[in-house]
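Asks: Coordinates for the following, if possible.
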Amino acid sequence: DGRKPANPAFWWVNDKGEEVKLSFEELGALSRKAANVLSKVCGLQRGDRVVAVLPRVPEWWLLNVACMRAGIVFFPGTSQLTAKDILYRLQASKAKCFVTDDERAPAVESVLAGSQFLKSKLIVGKGSRDGWLNLNELL
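Replies: Numbers count the residues shown, from 1 in each chain. You can find the predicted model right below:
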């Protein structure tokens, strides 16, 4: 019909050549679902804090948008944080939710006793981990 296709709202490519392309409509729908996971499943409210220690995977950006949508404060952390760094961020932020991947979850688990505010833990990826909710499955 001669019309140019719309530019994607989000386009992610990793070093293996895998891609995720989302239109504005798809990103909007997915971010609403993620905001619902944070508010309904994790029980977070406007002003609550989420710490995310993830490599730059698509879920990192999705959580950013979902937190803005739900009025939740997003605290990103580099994937190079140590357990001591994670504990400091949990205590200083008073985060009620922590999001990470399977590789970094053991560091989080090692300092959970020092976090009195944490209510929920989300893991990003295909696997499951005892005591963690899988974000991808919930979406």
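Asks: any idea how far residue 133 is from the closest residue to residue 63 other than its chain neighbours?
Replies: Among residues not flanking residue 63 along the chain, residue 52 sits closest, at 5.6 Å (C-beta to C-beta, 6 or more residues apart in numbering). For the C-beta atoms, the positions are set from N, CA and C on the backbone; glycine is no exception. Residue 52 is 14 Å from residue 133, where distance means C-beta to C-beta, to the nearest Å.
Asks: Angles on the backbone of the residue nearest to residue 63, please.
Replies: phi -120, psi 120 (degrees, to the nearest 10).
Asks: Residue 21 now?
Replies: phi -120, psi 130.
Asks: who's in contact with it?
Replies: 8, 10-12 (C-beta atoms under 8 Å, 6 or more residues apart in numbering).
Asks: Okay, now the unreliable bits of this structure?
Replies: 1-2 (pLDDT under 70).
Asks: Recalculate using a threshold of 90.
Replies: 1-7, 56, 112-116, 125-128 (pLDDT under 90).
Asks: so where do the strands sit in it?
Replies: 10-13, 19-22, 49-53, 73-77, 97-101, 120-124, 133-134 (DSSP state E).
Asks: Give me every residue in contact with the shortest one, excluding its own residues.
Replies: Residues lying outside strand 133-134 but in contact with it, judged by C-beta under 8 Å, 6+ apart, are 41-42, 120-123, 125, 127-128.
Asks: What is the nearest of the residues you listed to residue 16?
Replies: residue 125 (15.3 Å; C-beta to C-beta).
Asks: thought that closest one was touching residue 100?
Replies: No: the criterion here is C-beta atoms under 8 Å, and residue 125 misses it with residue 100 at 9.4 Å.
Asks: ok so, going back, which of the contacts of residue 21 count as buried?
Replies: Using 16 or more other C-beta atoms under 10 Å as the burial test, these include residue 10 as buried.
Asks: farthest-separated two in the contacts of residue 21?
Replies: 8 and 12 (9.5 Å).
Asks: Neighbour count: residue 125 and residue 100, which is higher?
Replies: Legend: neighbour count by other C-beta atoms under 10 Å for residue 125 and residue 100, higher for residue 100 (27 against 18).
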